[in-house]
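Undergrad: return a 3D structure for these sequence lines:
(chains A and B)
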2 protein chains.
Amino acid sequence: MIKHALPVTREADFSAWYQAVIAEGDLAEESGVRGCMVIRPWGYGIWERIQRLLDDRIKATGHENCYFPLFIPLSYFEKEAEHVEGFAKEMAVVTHHRLVSDRKGGLVPDPEAKLEEPLVVRPTSETVIGSAFSRWVQSWRDLPVLINQWANVVRWEMRTRMFLRTSEFLWQEGHTAHATAQEAREETRKMLEVYRSFAEDCLALHVVAGEKPENERFPGAVETWSIEAMMADGKALQAGTSHFLGTNFASAQNIRFQNAEGQLELANTTSWGVSTRMIGGVIMVHGDDDGLRCPPKIAPWQVVIVPMLRDKPEDEAIVSYCRQLQADLASGSALGEPIRALLDLKPAKSTAKRWGWVKKGAPIIVEVGGRDVEGGNVSVVRRDSLYRDDGKLHAAILPRADFVGQAGSLLESIQHALYEQSTLALRSRIAPVEDWAAIQAMFGEDARNPGWADVAWSKPTGAELDSVVERLKALKLTIRNAPEGQTGHAGAACIFTGAPAVERVLIGRSY
Amino acid sequence: MIKHALPVTREADFSAWYQAVIAEGDLAEESGVRGCMVIRPWGYGIWERIQRLLDDRIKATGHENCYFPLFIPLSYFEKEAEHVEGFAKEMAVVTHHRLVSDRKGGLVPDPEAKLEEPLVVRPTSETVIGSAFSRWVQSWRDLPVLINQWANVVRWEMRTRMFLRTSEFLWQEGHTAHATAQEAREETRKMLEVYRSFAEDCLALHVVAGEKPENERFPGAVETWSIEAMMADGKALQAGTSHFLGTNFASAQNIRFQNAEGQLELANTTSWGVSTRMIGGVIMVHGDDDGLRCPPKIAPWQVVIVPMLRDKPEDEAIVSYCRQLQADLASGSALGEPIRALLDLKPAKSTAKRWGWVKKGAPIIVEVGGRDVEGGNVSVVRRDSLYRDDGKLHAAILPRADFVGQAGSLLESIQHALYEQSTLALRSRIAPVEDWAAIQAMFGEDARNPGWADVAWSKPTGAELDSVVERLKALKLTIRNAPEGQTGHAGAACIFTGAPAVERVLIGRSY
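TA: The predicted structure follows:
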């Protein structure tokens, strides 16, 4: 039996395992500030890679980055009733702008410095960006406005879980304004597709893109679309959303333009975002009982070289051999970029370093000892296939030049393998379900890793929808989305209403 | 006489001119949220370039990026008395985490959701990062800790000015911990040098690096060093600071380590930062009466191609000619990177577009009309030398291939020319001054653009320093810094105390 690097397995306790990957992989930690985390260098390095790759795609589709204020006056929120209703319960509110001594050695907010109007720390920026759009948009010539911002946002959460749900998190939020509803709908779908293909190409996550049901819409949206990823425990993670906002926000924020005929019209707007939550998804899809397996495209370091030093004179030759190896690797390329190779010279034992990098999920770990130097070899561990059939660590001894020549394609093959595994895991855990009794059986108390049910849906609204939501809630289920590009509902009856189905939806538990 | 693109000149009203560059160059605008600005795409694009180039240098010196919480519990601040004293008067304080209806149609902070301990929106992160360091540092093997974060910070300002002083601003803050004071001092100076060379190489700003006097130190620092830039009106702008914090924060935050001999020691820490304020400096050094002149290294677009379209069938040939030009430019390189070339196809008149890009400061503007296409030419405007001797716009007609071949060196020559001008402006405006009467004359009421005085300084402390600060304050002056690597104080007497000088300092007005 293999003794894995983490103290707990997925099988034994998925939630404890998730925390262990984060702690042992130095991804993040509790900050001591309620609900906020510290993102450590390895975790933040992954986020920087996500930012770089996604930002390129956001810019390639014509969007420009801006920056809008962290603070939003309360009055901005009050203009869009559904929106404020959706966020009021989780807003951090700034009420004072100065501290004074409490005369007991401490400090308190200065009553003299109370703000006339409280400021909300942005939970999302539709209102403050809409207010800028109302200044920027006068004529049809000013449209479309296509902007994005990378920012921190705050939603006060009572129960937090690192990366998945924290009071402060990092994200990008795109906001656009268009002359017509059709163009705004196209933008909504275009950015959904950017997210889907980004998740697939860069995060190696096979996701399902589709429309959220009415009850799961973003507060104030006309349509909300999402990408949903399948976690290793069968739960869903909403990993990105794209909203068609119609004229709701334009009307609240007064975004009007003169059309080519000289008439005043309301603009149609969209918004879309992904966040550091994606890192939680990467962990719960690609992690194993030895820690994270980081897809090469988003790995801060793709190849980590660990010299096996023994505080002896030979060490010098080993380090110099490793430096050359690092330089050779860095001059090669993988997945369209130069290979990111690190030489780990920290003062620690090489075995501890190796397992440290296994837990962090570096795609390739190379060890070099005195014998390797003599023989012109390297010892290569591939993080996505760590063990041999006999349960021993799979370290392949390769001539250095061969390894350097293969490193790019090796990384590409790891990226590909992770994606294939994610595809298989998703496909094998979605099952068509024909009636409510089968749902109850599928998600019963004893069910382990039930995955998602694929059911026929008549798209009820109002009280009928409420009742469906209640029935699902009793089983801790939600409708994830109605996959785009689907067929196959024809002739089927909705498993909730019995009415003719208009589409199929996926149902599952979620984070 | 030249009719310039801005409605106001530097000479007529420098402050109004500064606002005009920002407004007309689409760099930023008032947000409607007190003290906070909206950074528009062109301004934010400059910040992204600054981030990319500086981040490379911060990483090349061994630092890793992390992310720490936006909110800092009040108790963290109270631990370092000088530090909290320095910031208490300008802190935004979060006191509630929920809003409720006020029963009059509005919302108010929910009294039931009052925080037990108020949270401060970070004005700087020494305290919260120090708290993480105290967890991370146990042994000498854990040192040095070298980290950086890119973040937004808030310092409540009563009088704000875009980029220079806003309640919220963007910056990077580096924080390091070391085993010895000497190593921490070296780090402080190393990062000062990173800032100096970055300002010189990337921003084309000749700056003076040196140590701030005691009264200008960062709250809680043992030494504060800065780079000071000379604005076109002769005022100084502190464009970056690097602090040696000694064991002050380590002691407050309990950052201790076991040294190689097994004894417990306090770490020595540093912090250093630059912010969006740098963009204000770039404007006030490189701007002219036609707007910004953006140094090519930080210009989001280095070459902007403006097709002269006339809504006629020939337009198609012009656009296709321009697309080829854009592609040819993008395959060339300048200043070590691919050339960033934009084809501006927005629906507007080409003259309006040309002047728009002049005001934004695009380094090279290329216009292409039907006649250029026929002749295989382009019309090239170099932003740093906009006019001919006769006052007309200097547009050079060049064969397309020649321009493509020269574009890289042209951009390099613009970068170089801006730097040379900044060097000259700095050098010509610093004057050695031998006594207080000369200072009074230099900075008298009628003085225009007085620059800085270079004076002998005995480094007084306590009440003696206070009195110097008061005398300077009456003339709205401050000591900027004591330039590093200086000689020339030997034998001189301090112009304030008459005591033998130990160094020379620069005195001036500042932003």
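
Undergrad: switch to C-alpha atoms for all contacts and neighbour counts from now on
TA: Noted.

Undergrad: and stretch A:92-103, what's buried?
TA: A:92, A:93, A:94, A:95, A:96, A:97, A:98, A:99, A:100 (16 or more other CA atoms under 10 Å in any protein chain shown).

Undergrad: which one is residue A:234 nearest to, not counting chain neighbours?
TA: Leaving aside its chain neighbours, residue A:234 sits nearest to residue A:451 (4.1 Å; criterion: CA to CA, 6 or more residues apart in numbering or on different chains).

Undergrad: what are the boundaries of the helices in chain A?
TA: A:14-24, A:41-60, A:74-78, A:81-87, A:126-136, A:181-201, A:248-253, A:277-286, A:315-330, A:350-360, A:370-375, A:400-428, A:436-442, A:462-474 (DSSP state H).

Undergrad: so can I have TSV of the ones you listed showing mean neighbour count?
TA: Shown next, in TSV, are these (neighbours: other CA atoms under 10 Å in any protein chain shown):
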stretch	mean neighbour count
helix A:14-24	20
helix A:41-60	18
helix A:74-78	19
helix A:81-87	16
helix A:126-136	21
helix A:181-201	19
helix A:248-253	21
helix A:277-286	23
helix A:315-330	18
helix A:350-360	21
helix A:370-375	15
helix A:400-428	18
helix A:436-442	15
helix A:462-474	13
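
Undergrad: gap between the two ends of stretch A:59-72?
TA: By CA to CA, to the nearest Å, the extent of stretch A:59-72 from end to end equals 26 Å.

Undergrad: is it in proximity to chain B?
TA: Yes. Against chain B, stretch A:59-72 shows contacts by CA under 8 Å from any CA of the partner chain at A:64, A:65, A:66, A:67, A:68, A:69, A:70, A:71, A:72.

Undergrad: with stretch A:29-49 instead?
TA: Yes. On the criterion CA under 8 Å from any CA, stretch A:29-49 is in touch with chain B at A:31, A:33, A:36, A:37, A:38, A:39, A:40, A:41, A:43, A:44, A:45.

Undergrad: chain center to that stretch, what's the gap?
TA: 14 Å (CA atoms, centre = their mean, to the nearest Å).

Undergrad: of all the helices of chain A, which one is nearest residue B:146?
TA: Proximity to residue B:146 (CA to CA) singles out helix A:41-60 among the helices of chain A, at 10.2 Å.

Undergrad: circling back to that earlier point, rank the helices of chain A by pLDDT, which is bottom?
TA: Lowest mean pLDDT of the helices of chain A: helix A:81-87, a mean of 84.

Undergrad: so which bits of the stretch 51-200 of chain A are right by chain B?
TA: Proximity of the stretch 51-200 of chain A to chain B, by CA under 8 Å from any CA, involves residues A:64-74, A:78, A:88-100, A:106-109, A:118, A:132, A:141, A:156, A:168.

Undergrad: so for stretch A:478-490, what's the average pLDDT?
TA: On average, stretch A:478-490 scores 92.

Undergrad: what residues sit buried inside that stretch?
TA: Residues A:478, A:479, A:480, A:481, A:482, A:483, A:489 are the ones in stretch A:478-490 that count as buried (16+ other CA under 10 Å).

Undergrad: test my guess that residue A:416 contacts residue A:205.
TA: No. Contact criterion CA atoms under 8 Å: residue A:416 and residue A:205 do not qualify, at 10.4 Å.

Undergrad: what confidence value was assigned to residue A:288?
TA: Predicted confidence (pLDDT) for residue A:288: 98.

Undergrad: burial count for the closest residue to it other than its chain neighbours?
TA: Of all residues not flanking residue A:288 in the chain, residue A:10 sits nearest, at 7.3 Å (CA to CA, 6+ apart). By the criterion of other CA atoms under 10 Å in any protein chain shown, residue A:10 has 17 neighbours.

Undergrad: residue A:10 contacts residue A:291, doesn't it?
TA: No. At 10.1 Å, residue A:10 does not count as touching residue A:291 under the criterion of CA under 8 Å.

Undergrad: could you pull out the strands for the stretch 151-300 of chain A?
TA: For the stretch 151-300 of chain A, the strands defined by DSSP state E, counting those that start in this stretch cover A:168-178, A:207-211, A:223-230, A:236-246, A:256-258, A:264-266, A:268-275.

Undergrad: any chance of those strands in JSON lines with distance to residue A:398 and mean pLDDT as columns?
TA: Shown next, in JSON lines, are the strands of the stretch 151-300 of chain A (distance: least, CA to CA, whole Å; pLDDT from 0 to 100):
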{"stretch": "strand A:168-178", "distance to residue A:398": "41", "mean pLDDT": "98"}
{"stretch": "strand A:207-211", "distance to residue A:398": "36", "mean pLDDT": "98"}
{"stretch": "strand A:223-230", "distance to residue A:398": "36", "mean pLDDT": "98"}
{"stretch": "strand A:236-246", "distance to residue A:398": "39", "mean pLDDT": "98"}
{"stretch": "strand A:256-258", "distance to residue A:398": "66", "mean pLDDT": "98"}
{"stretch": "strand A:264-266", "distance to residue A:398": "65", "mean pLDDT": "98"}
{"stretch": "strand A:268-275", "distance to residue A:398": "40", "mean pLDDT": "98"}
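
Undergrad: as a markdown table, those strands with mean neighbour count would be great.
TA: Below are the strands of the stretch 151-300 of chain A laid out as a markdown table (neighbours: other CA under 10 Å):
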| stretch | mean neighbour count |
| --- | --- |
| strand A:168-178 | 23 |
| strand A:207-211 | 24 |
| strand A:223-230 | 27 |
| strand A:236-246 | 26 |
| strand A:256-258 | 22 |
| strand A:264-266 | 18 |
| strand A:268-275 | 26 |
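
Undergrad: which of the ones you listed sits closest to residue A:355?
TA: Across the strands of the stretch 151-300 of chain A (criterion: CA to CA), the nearest stretch is strand A:223-230, sitting at 27.4 Å.

Undergrad: and the closest one, what does it pack against?
TA: In terms of contacts (3 or more CA pairs under 8 Å, 6 or more residues apart in numbering or on different chains; DSSP states H and E), strand A:223-230 is packed against helix A:181-201, strand A:207-211, strand A:236-246, helix A:400-428.

Undergrad: up against chain B, what does the stretch 251-400 of chain A have?
TA: Residues of the stretch 251-400 of chain A lying close to chain B (CA under 8 Å from any CA) are residue A:347.

Undergrad: burial check on the residue of the stretch 251-400 of chain A found nearest chain B, number of neighbours?
TA: Nearest residue of the stretch 251-400 of chain A to chain B (CA to the nearest CA) works out as residue A:347 at 6.4 Å. Residue A:347: 11 surrounding residues under other CA under 10 Å.

Undergrad: go on, residue A:349?
TA: A total of 13 residues lie near residue A:349 under the criterion other CA under 10 Å.

Undergrad: nearest spatial neighbour of residue A:221, chain-adjacent residues omitted?
TA: Distance criterion CA to CA, 6+ apart; nearest residue to residue A:221, sequence neighbours excluded, is residue A:245 at 4.4 Å.

Undergrad: surely that neighbour touches residue A:268?
TA: Yes. Applying CA under 8 Å as the test, residue A:245 and residue A:268 come out as touching, 6.8 Å apart.

Undergrad: got the contact list for residue A:24?
TA: Residues in contact with residue A:24, defined by CA atoms under 8 Å, 6 or more residues apart in numbering or on different chains, are A:6, A:291, A:356, A:359, A:360.

Undergrad: ok, now with 6 Å
TA: Not one residue lies near residue A:24 by CA atoms under 6 Å, 6 or more residues apart in numbering or on different chains.

Undergrad: repeat for residue A:508
TA: Contacts for residue A:508 (CA under 6 Å, 6+ apart) come out as A:452, A:477, A:478.
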